[in-house]
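Peer 1: dropping the sequence and predicted coords here.
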Amino acid sequence: MDLIIEGIKKAFWLLVSFDPEVLGITFLSLKVSGTATLISLIIGISVGASVALTRFPGRRFAVSLINTGMALPPVVVGLFVTIFLWRNGPLGVLGILYTPLAMIIAQAVIATPIVMGITLAAVQQLPAKLRLQILALGATRLQMVWILIKEAKLSLLAAVMAGFGGVISEVGASIMVGGNIKGYSRVLTTATVMETGRGNFDVAIALSIILLLLAYLINLVLTQVQQRERAR
Amino acid sequence: MKRLCYALFISLGILVLMAGGSSVVQAQDKTLILATTTSTQDTGLLDVLIPIFEKQTGYFVKTIAVGSGQAMTMGQKGEADVLLVHSPAAEKKFMEDGFGVSRRLVMHNDFIIVGPSDDPAKIKGLKSAGEAFKKIAAAQALFISRGDNSGTHAKEKDIWKVAGVKYEGEKWYQQTGLGMGQTLNVAAEKKAYTLADRGTYLAVAKTMKLDILVEGDAVLLNIYHVMEVNPQKWPKANIAAAKAFADFMVSKETQEIIKTYGIDKYGSPLFFPDAGKKVEDLGK
(Lines give C-alpha, C1' and ligand atoms only; values in the text may rest on other atoms or scores of the structure.)
Protein backbone atom coordinates (compact mmCIF):
# COMPACT_ATOMS: atom_id res chain seq x y z
CA MET A 1 0.00 0.00 0.00
CA ASP A 2 2.89 2.34 0.86
CA LEU A 3 4.22 1.60 -2.60
CA ILE A 4 1.08 2.88 -4.29
CA ILE A 5 1.11 6.07 -2.21
CA GLU A 6 4.81 6.50 -3.05
CA GLY A 7 3.89 6.01 -6.70
CA ILE A 8 1.14 8.60 -6.59
CA LYS A 9 3.51 11.07 -4.93
CA LYS A 10 6.16 10.33 -7.53
CA ALA A 11 3.67 10.78 -10.38
CA PHE A 12 2.62 14.11 -8.93
CA TRP A 13 6.23 15.28 -8.66
CA LEU A 14 7.14 14.10 -12.12
CA LEU A 15 4.15 16.03 -13.47
CA VAL A 16 4.53 19.29 -11.56
CA SER A 17 8.30 19.42 -12.01
CA PHE A 18 7.84 18.97 -15.77
CA ASP A 19 10.49 16.23 -15.77
CA PRO A 20 11.81 16.51 -19.34
CA GLU A 21 12.28 12.76 -19.81
CA VAL A 22 8.77 11.89 -18.63
CA LEU A 23 7.30 14.72 -20.68
CA GLY A 24 9.15 13.44 -23.75
CA ILE A 25 7.90 9.90 -23.16
CA THR A 26 4.34 11.10 -22.65
CA PHE A 27 4.43 13.28 -25.73
CA LEU A 28 5.85 10.46 -27.85
CA SER A 29 3.10 8.10 -26.64
CA LEU A 30 0.53 10.63 -27.71
CA LYS A 31 2.22 11.29 -31.02
CA VAL A 32 2.70 7.65 -32.00
CA SER A 33 -0.73 6.44 -30.89
CA GLY A 34 -2.51 9.55 -32.19
CA THR A 35 -0.96 9.21 -35.63
CA ALA A 36 -1.63 5.47 -35.73
CA THR A 37 -5.26 6.09 -34.77
CA LEU A 38 -5.65 8.70 -37.51
CA ILE A 39 -4.28 6.31 -40.13
CA SER A 40 -6.55 3.57 -38.85
CA LEU A 41 -9.55 5.93 -39.09
CA ILE A 42 -8.87 6.75 -42.72
CA ILE A 43 -8.45 3.11 -43.76
CA GLY A 44 -10.89 1.61 -41.27
CA ILE A 45 -13.83 3.91 -41.96
CA SER A 46 -13.51 3.78 -45.74
CA VAL A 47 -13.10 0.01 -45.96
CA GLY A 48 -15.60 -0.66 -43.17
CA ALA A 49 -18.28 1.51 -44.78
CA SER A 50 -17.63 0.01 -48.21
CA VAL A 51 -18.00 -3.53 -46.96
CA ALA A 52 -21.13 -2.57 -45.03
CA LEU A 53 -22.81 -1.04 -48.09
CA THR A 54 -21.91 -3.51 -50.82
CA ARG A 55 -22.70 -7.10 -51.64
CA PHE A 56 -20.03 -9.29 -53.15
CA PRO A 57 -19.09 -12.97 -53.17
CA GLY A 58 -17.09 -13.95 -50.12
CA ARG A 59 -18.41 -10.98 -48.17
CA ARG A 60 -19.19 -13.03 -45.09
CA PHE A 61 -15.69 -14.36 -45.11
CA ALA A 62 -14.32 -10.82 -45.39
CA VAL A 63 -16.46 -9.70 -42.46
CA SER A 64 -15.32 -12.63 -40.35
CA LEU A 65 -11.71 -11.71 -41.13
CA ILE A 66 -12.28 -8.09 -40.10
CA ASN A 67 -13.94 -9.18 -36.87
CA THR A 68 -11.10 -11.56 -36.11
CA GLY A 69 -8.69 -8.70 -36.78
CA MET A 70 -10.28 -6.84 -33.88
CA ALA A 71 -8.67 -9.44 -31.64
CA LEU A 72 -5.26 -9.25 -33.31
CA PRO A 73 -2.67 -9.73 -30.54
CA PRO A 74 -0.17 -6.82 -30.48
CA VAL A 75 2.82 -9.14 -30.02
CA VAL A 76 1.88 -11.03 -33.18
CA VAL A 77 1.73 -7.74 -35.09
CA GLY A 78 5.02 -6.72 -33.49
CA LEU A 79 6.69 -9.96 -34.52
CA PHE A 80 5.62 -9.73 -38.15
CA VAL A 81 6.34 -6.02 -38.51
CA THR A 82 9.80 -6.67 -37.03
CA ILE A 83 10.51 -9.48 -39.48
CA PHE A 84 9.40 -7.35 -42.41
CA LEU A 85 11.42 -4.33 -41.33
CA TRP A 86 14.65 -6.14 -40.50
CA ARG A 87 17.65 -4.76 -42.36
CA ASN A 88 17.78 -7.99 -44.28
CA GLY A 89 14.00 -8.42 -44.40
CA PRO A 90 11.63 -7.67 -47.31
CA LEU A 91 11.28 -3.98 -46.37
CA GLY A 92 14.78 -3.62 -44.95
CA VAL A 93 15.78 -0.94 -47.45
CA LEU A 94 13.51 1.50 -45.63
CA GLY A 95 15.75 1.25 -42.57
CA ILE A 96 12.98 2.14 -40.16
CA LEU A 97 13.10 -0.67 -37.58
CA TYR A 98 13.55 0.68 -34.03
CA THR A 99 12.08 4.07 -34.94
CA PRO A 100 8.85 5.79 -33.86
CA LEU A 101 7.70 5.40 -37.47
CA ALA A 102 7.85 1.61 -37.15
CA MET A 103 5.79 1.90 -33.97
CA ILE A 104 3.18 3.97 -35.81
CA ILE A 105 2.96 1.33 -38.53
CA ALA A 106 2.55 -1.52 -36.04
CA GLN A 107 -0.04 0.39 -34.01
CA ALA A 108 -1.96 1.34 -37.16
CA VAL A 109 -2.11 -2.36 -38.07
CA ILE A 110 -3.53 -3.09 -34.61
CA ALA A 111 -6.09 -0.25 -34.62
CA THR A 112 -7.34 -0.51 -38.21
CA PRO A 113 -9.39 -3.73 -37.82
CA ILE A 114 -10.93 -2.34 -34.62
CA VAL A 115 -12.10 0.82 -36.37
CA MET A 116 -13.12 -1.18 -39.42
CA GLY A 117 -15.18 -3.70 -37.47
CA ILE A 118 -17.05 -1.07 -35.45
CA THR A 119 -17.67 1.05 -38.59
CA LEU A 120 -18.99 -1.99 -40.40
CA ALA A 121 -21.42 -2.83 -37.62
CA ALA A 122 -22.49 0.81 -37.20
CA VAL A 123 -23.19 1.51 -40.87
CA GLN A 124 -24.89 -1.82 -41.41
CA GLN A 125 -27.18 -1.16 -38.47
CA LEU A 126 -28.66 1.96 -40.08
CA PRO A 127 -32.17 1.34 -41.49
CA ALA A 128 -31.99 0.08 -45.08
CA LYS A 129 -34.75 2.44 -46.14
CA LEU A 130 -32.60 5.41 -45.20
CA ARG A 131 -30.34 4.65 -48.15
CA LEU A 132 -33.28 4.55 -50.55
CA GLN A 133 -34.60 7.80 -49.16
CA ILE A 134 -31.28 9.59 -49.53
CA LEU A 135 -30.88 8.35 -53.08
CA ALA A 136 -34.48 9.29 -53.88
CA LEU A 137 -33.77 12.84 -52.76
CA GLY A 138 -31.20 13.01 -55.51
CA ALA A 139 -27.92 12.39 -53.70
CA THR A 140 -25.03 10.85 -55.58
CA ARG A 141 -23.65 7.57 -54.28
CA LEU A 142 -20.68 9.26 -52.64
CA GLN A 143 -22.94 11.82 -50.97
CA MET A 144 -25.09 8.99 -49.69
CA VAL A 145 -22.08 7.25 -48.11
CA TRP A 146 -21.03 10.52 -46.48
CA ILE A 147 -24.51 11.08 -45.02
CA LEU A 148 -24.64 7.50 -43.75
CA ILE A 149 -21.27 7.91 -42.08
CA LYS A 150 -22.51 11.08 -40.44
CA GLU A 151 -25.62 9.23 -39.26
CA ALA A 152 -23.41 6.61 -37.64
CA LYS A 153 -21.05 9.10 -36.00
CA LEU A 154 -21.95 8.20 -32.42
CA SER A 155 -20.71 4.70 -33.04
CA LEU A 156 -17.78 5.99 -35.06
CA LEU A 157 -16.60 8.08 -32.13
CA ALA A 158 -16.75 4.87 -30.12
CA ALA A 159 -14.54 3.36 -32.83
CA VAL A 160 -12.03 6.18 -32.35
CA MET A 161 -11.97 5.57 -28.60
CA ALA A 162 -11.60 1.82 -29.01
CA GLY A 163 -8.85 2.20 -31.58
CA PHE A 164 -6.91 4.78 -29.60
CA GLY A 165 -7.44 2.86 -26.37
CA GLY A 166 -6.13 -0.27 -28.03
CA VAL A 167 -2.87 1.27 -29.18
CA ILE A 168 -2.00 3.68 -26.37
CA SER A 169 -2.18 0.75 -23.95
CA GLU A 170 -0.34 -1.90 -25.95
CA VAL A 171 3.23 -2.77 -25.12
CA GLY A 172 4.13 -5.94 -27.01
CA ALA A 173 4.42 -4.44 -30.48
CA SER A 174 5.94 -1.15 -29.32
CA ILE A 175 8.79 -2.80 -27.47
CA MET A 176 9.57 -5.14 -30.38
CA VAL A 177 9.53 -2.66 -33.26
CA GLY A 178 10.52 0.42 -31.25
CA GLY A 179 13.19 -1.15 -29.06
CA ASN A 180 12.41 1.05 -26.03
CA ILE A 181 15.33 3.34 -26.89
CA LYS A 182 15.89 6.05 -24.32
CA GLY A 183 14.84 9.50 -25.49
CA TYR A 184 13.85 8.18 -28.91
CA SER A 185 11.32 5.36 -28.99
CA ARG A 186 10.46 4.92 -25.32
CA VAL A 187 6.75 5.34 -24.63
CA LEU A 188 4.75 5.14 -21.41
CA THR A 189 3.97 1.43 -21.65
CA THR A 190 7.49 0.27 -22.55
CA ALA A 191 9.00 2.54 -19.91
CA THR A 192 6.65 1.00 -17.34
CA VAL A 193 7.79 -2.51 -18.24
CA MET A 194 11.42 -1.46 -17.98
CA GLU A 195 11.07 0.34 -14.66
CA THR A 196 9.24 -2.70 -13.25
CA GLY A 197 12.19 -4.86 -14.36
CA ARG A 198 14.55 -2.46 -12.63
CA GLY A 199 12.58 -2.75 -9.42
CA ASN A 200 11.68 0.95 -9.53
CA PHE A 201 8.05 0.29 -8.69
CA ASP A 202 7.37 3.88 -7.64
CA VAL A 203 8.40 5.19 -11.07
CA ALA A 204 6.47 2.37 -12.77
CA ILE A 205 3.34 3.29 -10.82
CA ALA A 206 3.89 6.97 -11.62
CA LEU A 207 4.13 6.22 -15.34
CA SER A 208 0.97 4.08 -15.15
CA ILE A 209 -0.89 6.93 -13.50
CA ILE A 210 0.24 9.34 -16.21
CA LEU A 211 -0.87 6.85 -18.86
CA LEU A 212 -4.30 6.51 -17.25
CA LEU A 213 -4.63 10.30 -16.98
CA LEU A 214 -3.73 10.70 -20.63
CA ALA A 215 -6.25 8.05 -21.71
CA TYR A 216 -8.89 9.68 -19.53
CA LEU A 217 -8.29 13.16 -20.97
CA ILE A 218 -8.47 11.97 -24.57
CA ASN A 219 -11.62 9.99 -23.91
CA LEU A 220 -13.14 12.90 -22.01
CA VAL A 221 -12.77 15.11 -25.09
CA LEU A 222 -14.20 12.43 -27.37
CA THR A 223 -17.06 11.72 -25.00
CA GLN A 224 -17.89 15.43 -24.87
CA VAL A 225 -18.12 15.49 -28.64
CA GLN A 226 -20.20 12.32 -28.71
CA GLN A 227 -22.64 13.19 -25.98
CA ARG A 228 -23.15 16.82 -27.01
CA GLU A 229 -24.34 15.56 -30.36
CA ARG A 230 -26.81 13.26 -28.70
CA ALA A 231 -28.48 15.95 -26.65
CA ARG A 232 -29.67 17.81 -29.70
CA MET B 1 -20.11 19.31 -33.92
CA LYS B 2 -18.65 20.04 -37.29
CA ARG B 3 -16.18 22.53 -35.87
CA LEU B 4 -15.13 20.16 -33.12
CA CYS B 5 -14.67 17.44 -35.68
CA TYR B 6 -12.49 19.68 -37.79
CA ALA B 7 -10.49 20.74 -34.75
CA LEU B 8 -9.91 17.11 -33.92
CA PHE B 9 -8.79 16.27 -37.41
CA ILE B 10 -6.52 19.29 -37.67
CA SER B 11 -4.83 18.52 -34.38
CA LEU B 12 -4.34 14.92 -35.45
CA GLY B 13 -3.02 16.16 -38.77
CA ILE B 14 -0.44 18.28 -36.96
CA LEU B 15 0.60 15.19 -35.02
CA VAL B 16 1.10 13.30 -38.29
CA LEU B 17 3.24 16.09 -39.70
CA MET B 18 5.36 16.13 -36.58
CA ALA B 19 5.71 12.38 -36.61
CA GLY B 20 6.69 12.43 -40.26
CA GLY B 21 9.24 15.12 -39.56
CA SER B 22 12.96 14.73 -39.72
CA SER B 23 13.25 13.41 -36.19
CA VAL B 24 11.84 10.02 -37.12
CA VAL B 25 14.31 8.60 -39.59
CA GLN B 26 17.97 9.02 -38.81
CA ALA B 27 20.69 8.74 -41.39
CA GLN B 28 21.67 5.08 -41.38
CA ASP B 29 25.42 5.45 -41.34
CA LYS B 30 25.15 7.54 -38.19
CA THR B 31 23.11 5.01 -36.23
CA LEU B 32 24.46 2.02 -34.38
CA ILE B 33 22.37 -0.92 -33.23
CA LEU B 34 23.68 -2.31 -29.96
CA ALA B 35 22.18 -5.63 -28.93
CA THR B 36 22.82 -6.29 -25.27
CA THR B 37 21.57 -8.10 -22.22
CA THR B 38 18.87 -6.89 -19.88
CA SER B 39 21.40 -6.72 -17.04
CA THR B 40 23.37 -3.83 -18.59
CA GLN B 41 20.15 -1.87 -19.02
CA ASP B 42 18.48 -2.83 -15.72
CA THR B 43 21.53 -1.75 -13.73
CA GLY B 44 21.47 1.65 -15.45
CA LEU B 45 25.10 1.36 -16.59
CA LEU B 46 24.28 1.98 -20.24
CA ASP B 47 22.25 5.07 -19.37
CA VAL B 48 25.52 6.53 -18.15
CA LEU B 49 27.85 5.26 -20.89
CA ILE B 50 25.75 5.70 -24.06
CA PRO B 51 25.30 9.49 -23.82
CA ILE B 52 29.07 9.89 -23.39
CA PHE B 53 29.74 7.73 -26.45
CA GLU B 54 27.15 9.62 -28.50
CA LYS B 55 28.65 12.93 -27.52
CA GLN B 56 32.19 11.81 -28.32
CA THR B 57 31.50 10.25 -31.69
CA GLY B 58 28.26 11.74 -32.98
CA TYR B 59 26.74 8.31 -33.53
CA PHE B 60 23.18 7.63 -32.46
CA VAL B 61 22.96 4.39 -30.49
CA LYS B 62 19.87 2.21 -30.60
CA THR B 63 20.16 -0.01 -27.56
CA ILE B 64 18.07 -3.16 -27.82
CA ALA B 65 18.09 -4.89 -24.44
CA VAL B 66 17.23 -8.57 -24.76
CA GLY B 67 18.68 -11.82 -23.45
CA SER B 68 22.20 -12.72 -24.56
CA GLY B 69 20.79 -15.55 -26.69
CA GLN B 70 18.51 -13.23 -28.65
CA ALA B 71 21.24 -10.60 -28.88
CA MET B 72 23.54 -13.10 -30.55
CA THR B 73 20.78 -14.25 -32.90
CA MET B 74 20.39 -10.61 -33.92
CA GLY B 75 24.12 -10.50 -34.60
CA GLN B 76 23.97 -13.72 -36.61
CA LYS B 77 21.16 -12.31 -38.74
CA GLY B 78 22.98 -9.03 -39.25
CA GLU B 79 20.28 -7.11 -37.36
CA ALA B 80 22.74 -5.62 -34.89
CA ASP B 81 26.14 -3.99 -35.38
CA VAL B 82 27.74 -4.64 -32.05
CA LEU B 83 26.97 -6.93 -29.13
CA LEU B 84 27.64 -6.54 -25.41
CA VAL B 85 26.87 -9.96 -23.95
CA HIS B 86 27.77 -12.43 -21.20
CA SER B 87 27.42 -15.96 -22.49
CA PRO B 88 31.03 -17.07 -23.14
CA ALA B 89 30.40 -20.54 -24.61
CA ALA B 90 27.87 -19.19 -27.10
CA GLU B 91 30.15 -16.23 -27.86
CA LYS B 92 33.04 -18.55 -28.75
CA LYS B 93 30.78 -20.45 -31.13
CA PHE B 94 29.61 -17.13 -32.59
CA MET B 95 33.21 -16.22 -33.34
CA GLU B 96 34.15 -19.68 -34.64
CA ASP B 97 31.23 -19.58 -37.06
CA GLY B 98 32.57 -16.31 -38.43
CA PHE B 99 29.72 -14.05 -37.35
CA GLY B 100 31.97 -11.68 -35.45
CA VAL B 101 35.28 -10.00 -36.25
CA SER B 102 36.53 -9.21 -32.77
CA ARG B 103 35.70 -10.19 -29.24
CA ARG B 104 37.13 -8.17 -26.41
CA LEU B 105 36.84 -8.54 -22.65
CA VAL B 106 35.06 -5.55 -21.06
CA MET B 107 34.19 -6.30 -17.46
CA HIS B 108 32.91 -8.90 -15.05
CA ASN B 109 30.88 -9.25 -11.95
CA ASP B 110 29.57 -12.46 -10.53
CA PHE B 111 26.48 -14.56 -10.29
CA ILE B 112 24.98 -15.29 -6.92
CA ILE B 113 22.44 -17.80 -5.74
CA VAL B 114 19.71 -15.95 -3.91
CA GLY B 115 16.73 -17.23 -1.98
CA PRO B 116 14.39 -16.72 0.97
CA SER B 117 16.04 -15.97 4.31
CA ASP B 118 14.63 -19.12 5.97
CA ASP B 119 16.58 -21.11 3.36
CA PRO B 120 14.60 -24.40 3.29
CA ALA B 121 17.32 -26.23 1.31
CA LYS B 122 20.05 -25.13 3.76
CA ILE B 123 22.48 -23.85 1.17
CA LYS B 124 23.63 -20.69 2.92
CA GLY B 125 27.39 -20.37 3.01
CA LEU B 126 28.15 -23.30 0.72
CA LYS B 127 31.30 -22.78 -1.33
CA SER B 128 30.18 -24.77 -4.36
CA ALA B 129 27.33 -23.67 -6.61
CA GLY B 130 26.87 -27.23 -7.90
CA GLU B 131 26.53 -28.50 -4.36
CA ALA B 132 23.93 -25.83 -3.64
CA PHE B 133 21.88 -26.80 -6.70
CA LYS B 134 22.07 -30.45 -5.64
CA LYS B 135 20.65 -29.56 -2.23
CA ILE B 136 17.88 -27.46 -3.77
CA ALA B 137 16.92 -30.42 -5.95
CA ALA B 138 17.06 -32.84 -3.03
CA ALA B 139 14.87 -30.57 -0.90
CA GLN B 140 12.57 -30.00 -3.88
CA ALA B 141 12.63 -26.32 -2.99
CA LEU B 142 11.12 -24.01 -5.57
CA PHE B 143 13.68 -22.72 -8.09
CA ILE B 144 12.86 -19.97 -10.57
CA SER B 145 14.75 -20.03 -13.85
CA ARG B 146 15.00 -17.26 -16.43
CA GLY B 147 14.28 -19.81 -19.15
CA ASP B 148 15.01 -17.30 -21.91
CA ASN B 149 18.37 -18.39 -23.37
CA SER B 150 20.02 -15.42 -21.71
CA GLY B 151 23.57 -15.52 -20.43
CA THR B 152 22.24 -16.11 -16.92
CA HIS B 153 20.09 -18.99 -18.15
CA ALA B 154 23.11 -20.51 -19.93
CA LYS B 155 25.15 -20.24 -16.74
CA GLU B 156 22.34 -21.83 -14.74
CA LYS B 157 22.23 -24.80 -17.11
CA ASP B 158 26.02 -25.19 -16.73
CA ILE B 159 25.64 -25.36 -12.97
CA TRP B 160 22.85 -27.94 -13.22
CA LYS B 161 25.22 -30.00 -15.32
CA VAL B 162 27.86 -29.74 -12.60
CA ALA B 163 25.27 -30.69 -9.98
CA GLY B 164 24.26 -33.66 -12.11
CA VAL B 165 20.62 -33.74 -11.08
CA LYS B 166 17.44 -33.89 -13.11
CA TYR B 167 15.62 -30.57 -13.08
CA GLU B 168 13.76 -30.18 -16.35
CA GLY B 169 10.06 -30.88 -16.01
CA GLU B 170 10.29 -31.16 -12.24
CA LYS B 171 7.51 -29.59 -10.22
CA TRP B 172 9.84 -27.42 -8.16
CA TYR B 173 11.56 -26.00 -11.25
CA GLN B 174 9.75 -23.11 -12.94
CA GLN B 175 10.72 -20.87 -15.85
CA THR B 176 9.61 -17.26 -16.18
CA GLY B 177 10.89 -16.34 -19.63
CA LEU B 178 11.40 -12.80 -18.28
CA GLY B 179 14.34 -10.48 -17.70
CA MET B 180 16.51 -10.63 -14.59
CA GLY B 181 14.73 -7.90 -12.62
CA GLN B 182 11.31 -9.40 -13.16
CA THR B 183 12.55 -12.92 -12.44
CA LEU B 184 13.96 -11.70 -9.12
CA ASN B 185 10.53 -10.25 -8.35
CA VAL B 186 8.88 -13.57 -9.06
CA ALA B 187 11.41 -15.43 -6.90
CA ALA B 188 10.90 -12.98 -4.04
CA GLU B 189 7.14 -13.29 -4.22
CA LYS B 190 7.20 -17.08 -4.36
CA LYS B 191 9.98 -17.43 -1.75
CA ALA B 192 12.04 -19.34 -4.25
CA TYR B 193 15.71 -19.70 -5.15
CA THR B 194 17.16 -18.25 -8.31
CA LEU B 195 20.46 -17.46 -9.97
CA ALA B 196 21.09 -13.75 -10.55
CA ASP B 197 23.89 -11.47 -11.63
CA ARG B 198 25.06 -9.35 -8.75
CA GLY B 199 24.59 -6.09 -10.64
CA THR B 200 20.88 -6.53 -11.23
CA TYR B 201 20.40 -7.98 -7.75
CA LEU B 202 22.00 -4.94 -6.11
CA ALA B 203 20.03 -2.59 -8.34
CA VAL B 204 16.66 -4.11 -7.48
CA ALA B 205 17.34 -5.62 -4.04
CA LYS B 206 16.00 -2.61 -2.16
CA THR B 207 12.42 -3.53 -2.99
CA MET B 208 12.50 -7.27 -2.33
CA LYS B 209 13.23 -9.86 0.31
CA LEU B 210 15.88 -12.14 -1.11
CA ASP B 211 19.20 -12.98 0.52
CA ILE B 212 22.52 -13.80 -1.07
CA LEU B 213 23.10 -17.43 -0.05
CA VAL B 214 25.96 -18.68 -2.20
CA GLU B 215 28.75 -16.62 -3.75
CA GLY B 216 32.41 -16.76 -4.63
CA ASP B 217 32.57 -20.06 -6.54
CA ALA B 218 34.78 -19.73 -9.65
CA VAL B 219 32.00 -21.12 -11.81
CA LEU B 220 29.87 -18.12 -10.82
CA LEU B 221 31.98 -15.56 -12.70
CA ASN B 222 29.88 -13.40 -15.04
CA ILE B 223 32.01 -12.10 -17.88
CA TYR B 224 31.00 -9.49 -20.44
CA HIS B 225 32.53 -9.25 -23.88
CA VAL B 226 31.95 -6.77 -26.67
CA MET B 227 31.78 -8.25 -30.19
CA GLU B 228 31.63 -6.55 -33.57
CA VAL B 229 29.49 -8.16 -36.26
CA ASN B 230 31.30 -9.43 -39.37
CA PRO B 231 30.67 -6.96 -42.23
CA GLN B 232 31.68 -9.57 -44.79
CA LYS B 233 28.61 -11.60 -43.88
CA TRP B 234 26.36 -8.55 -43.51
CA PRO B 235 27.38 -5.60 -45.68
CA LYS B 236 24.67 -3.47 -44.13
CA ALA B 237 26.31 -3.64 -40.71
CA ASN B 238 27.72 -0.30 -39.62
CA ILE B 239 31.20 -1.60 -38.93
CA ALA B 240 32.84 1.78 -38.37
CA ALA B 241 30.36 2.60 -35.63
CA ALA B 242 30.63 -0.92 -34.19
CA LYS B 243 34.40 -0.61 -33.93
CA ALA B 244 34.10 2.85 -32.39
CA PHE B 245 31.75 1.48 -29.74
CA ALA B 246 33.92 -1.55 -28.96
CA ASP B 247 36.96 0.70 -28.67
CA PHE B 248 34.98 3.01 -26.43
CA MET B 249 33.95 0.17 -24.10
CA VAL B 250 37.57 -0.89 -23.49
CA SER B 251 38.98 2.65 -23.38
CA LYS B 252 40.62 3.89 -20.22
CA GLU B 253 37.98 6.53 -19.46
CA THR B 254 35.07 4.12 -19.87
CA GLN B 255 36.78 1.48 -17.73
CA GLU B 256 37.23 4.09 -15.04
CA ILE B 257 33.49 4.87 -15.11
CA ILE B 258 32.63 1.17 -14.93
CA LYS B 259 34.95 0.82 -11.94
CA THR B 260 33.11 3.37 -9.86
CA TYR B 261 29.59 2.94 -11.21
CA GLY B 262 27.08 2.17 -8.51
CA ILE B 263 29.28 2.85 -5.49
CA ASP B 264 27.41 6.01 -4.54
CA LYS B 265 24.02 4.29 -4.82
CA TYR B 266 24.60 0.71 -3.71
CA GLY B 267 27.73 0.97 -1.59
CA SER B 268 29.74 -1.33 -3.83
CA PRO B 269 30.58 -1.34 -7.54
CA LEU B 270 28.26 -3.34 -9.82
CA PHE B 271 30.95 -4.30 -12.32
CA PHE B 272 34.73 -4.72 -12.36
CA PRO B 273 36.55 -3.38 -15.45
CA ASP B 274 38.75 -5.95 -17.18
CA ALA B 275 39.88 -4.47 -20.51
CA GLY B 276 43.15 -5.99 -21.66
CA LYS B 277 43.09 -8.77 -19.06
CA LYS B 278 42.85 -12.49 -19.71
CA VAL B 279 39.71 -14.42 -18.77
CA GLU B 280 41.78 -16.98 -16.86
CA ASP B 281 43.06 -14.29 -14.48
CA LEU B 282 39.64 -13.03 -13.44
CA GLY B 283 38.40 -13.34 -9.89
CA LYS B 284 41.86 -13.98 -8.50
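Peer 2: Sure, I can see it. Residues are numbered from 1 along each chain as shown, chains lettered A, B, ... in the order given.

Peer 1: please count neighbours and contacts with C-alpha atoms only from this point.
Peer 2: Will do.

Peer 1: pLDDT below threshold where in the stretch 151-284 of chain B?
Peer 2: Scanning the stretch 151-284 of chain B for pLDDT under 70 picks out the ranges B:283-284.

Peer 1: name the residues of it found near chain A, please.
Peer 2: Counting by CA under 8 Å from any CA of the partner chain, the stretch 151-284 of chain B comes close to chain A at B:179-182, B:185, B:200, B:203-205, B:207, B:236.

Peer 1: any idea which helix or strand carries B:V114?
Peer 2: Assigned by DSSP states H and E, B:V114 belongs to strand B:100-115.

Peer 1: what lines up beside that strand in the sheet?
Peer 2: Here strand B:100-115 has these sheet partners by DSSP bridges: strand B:193-197 (antiparallel), strand B:211-214 (antiparallel), strand B:221-229 (antiparallel), strand B:272-273 (antiparallel).

Peer 1: ranges for the helices of the stretch 151-284 of chain B?
Peer 2: B:151-163, B:180-190, B:198-204, B:239-250, B:252-260, B:263-266 (DSSP state H, counting those that start in this stretch).

Peer 1: output those helices in JSON lines; the columns should cover distance to A:I149.
Peer 2: Shown next, in JSON lines, are the helices of the stretch 151-284 of chain B (distance: least, CA to CA, whole Å):
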{"stretch": "helix B:151-163", "distance to A:I149": "55"}
{"stretch": "helix B:180-190", "distance to A:I149": "47"}
{"stretch": "helix B:198-204", "distance to A:I149": "53"}
{"stretch": "helix B:239-250", "distance to A:I149": "52"}
{"stretch": "helix B:252-260", "distance to A:I149": "61"}
{"stretch": "helix B:263-266", "distance to A:I149": "59"}
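
Peer 1: any chance of those in TSV, with mean neighbour count and distance to A:M194 too?
Peer 2: Below are the helices of the stretch 151-284 of chain B laid out as TSV (neighbours: other CA atoms under 10 Å in any protein chain shown; distance: least, CA to CA, whole Å):
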stretch	mean neighbour count	distance to A:M194
helix B:151-163	21	18
helix B:180-190	22	9
helix B:198-204	23	12
helix B:239-250	20	23
helix B:252-260	16	22
helix B:263-266	11	19
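
Peer 1: how about B:Y59, nearest residue that isn't a chain neighbour?
Peer 2: Spatially, and ignoring its direct neighbours in sequence, B:Y59 is nearest to B:K30 (5.0 Å; CA to CA, 6 or more residues apart in numbering or on different chains).

Peer 1: distance of the nearest residue to B:T31 once chain neighbours are set aside relative to B:S251?
Peer 2: Of all residues not flanking B:T31 in the chain, B:F60 sits nearest, at 4.6 Å (CA to CA, 6+ apart). Using CA to CA, to the nearest Å, B:F60 is found at 19 Å from B:S251.

Peer 1: higher neighbour count, those two?
Peer 2: Higher neighbour count among B:F60 and B:S251: B:F60, with 21 against 14, using other CA atoms under 10 Å in any protein chain shown.

Peer 1: that older thread, which residues touch the residue nearest to B:T31?
Peer 2: By CA atoms under 8 Å, 6 or more residues apart in numbering or on different chains, the residues touching B:F60 are B:30-32, B:54.

Peer 1: returning to what we had before: switch the strands paired with strand B:100-115 over to a markdown table; also include mean neighbour count.
Peer 2: Compiled in a markdown table, the strands paired with strand B:100-115 are given as follows (neighbours: other CA atoms under 10 Å in any protein chain shown):
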| stretch | mean neighbour count |
| --- | --- |
| strand B:193-197 | 27 |
| strand B:211-214 | 20 |
| strand B:221-229 | 25 |
| strand B:272-273 | 21 |
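
Peer 1: where do the strands sit along chain A?
Peer 2: Taking DSSP state E, chain A contains no strands at all.

Peer 1: what sits up against stretch B:105-117?
Peer 2: The contact list for stretch B:105-117, computed with CA under 8 Å, 6+ apart, reads B:129, B:187-188, B:191-199, B:209-216, B:220-226, B:249-250, B:255, B:270-279.

Peer 1: center of chain A - which residue?
Peer 2: A:F164 (3.1 Å; CA atoms, centre = their mean).

Peer 1: who's in contact with that residue?
Peer 2: Residues near A:F164 by CA under 8 Å, 6+ apart: A:33-34, A:37, A:111.

Peer 1: now render the residues of the stretch 151-284 of chain B next to chain A as a markdown table, adding distance to A:L142.
Peer 2: Conversion of these to a markdown table gives the following (distance: CA to CA, whole Å):
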| residue | distance to A:L142 |
| --- | --- |
| B:G179 | 53 |
| B:M180 | 57 |
| B:G181 | 56 |
| B:Q182 | 54 |
| B:N185 | 58 |
| B:T200 | 61 |
| B:A203 | 61 |
| B:V204 | 60 |
| B:A205 | 63 |
| B:T207 | 61 |
| B:K236 | 48 |
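
Peer 1: now, among the residues you listed, which is nearest to A:W86?
Peer 2: Using CA to CA, B:K236 comes nearest to A:W86 of these, at 11.0 Å.

Peer 1: and the closest one, its phi and psi?
Peer 2: Per-residue torsions, B:K236: phi -80, psi -10 (degrees, to the nearest 10).

Peer 1: what does B:E91 give?
Peer 2: The phi/psi pair for B:E91 (degrees, to the nearest 10) is phi -70, psi -40.

Peer 1: can you check B:L34 too?
Peer 2: Dihedral pair for B:L34: phi -100, psi 120, per degrees, to the nearest 10.

Peer 1: any idea what it is bridged to?
Peer 2: B:T63, B:V82.

Peer 1: any idea how far it lies from A:P90?
Peer 2: Distance from B:L34 to A:P90, counting by CA to CA: 22 Å.

Peer 1: what's the answer for B:I33, then?
Peer 2: 19 Å.

Peer 1: the two: who's more crowded?
Peer 2: Each of B:I33 and A:P90 has its neighbours counted (other CA under 10 Å); B:I33 has more, 22 against 11.

Peer 1: and the more buried one, what does it touch?
Peer 2: B:61-64, B:79-82.

Peer 1: just the buried ones from these?
Peer 2: Taking 16 or more other CA atoms under 10 Å in any protein chain shown as the criterion, what is buried in those is B:61-64, B:79-82.

Peer 1: follow-up on the earlier one: need the max-distance pair from the contacts of B:I33.
Peer 2: B:V61 and B:E79 (13.7 Å).

Peer 1: which residue does the stretch 51-200 of chain B bring closest to chain A?
Peer 2: B:G181 (4.3 Å; CA to the nearest CA).

Peer 1: ok, that residue - contacts?
Peer 2: B:G181 makes contact with A:196-199, B:42, B:200-201, B:204 under the criterion CA under 8 Å, 6+ apart.
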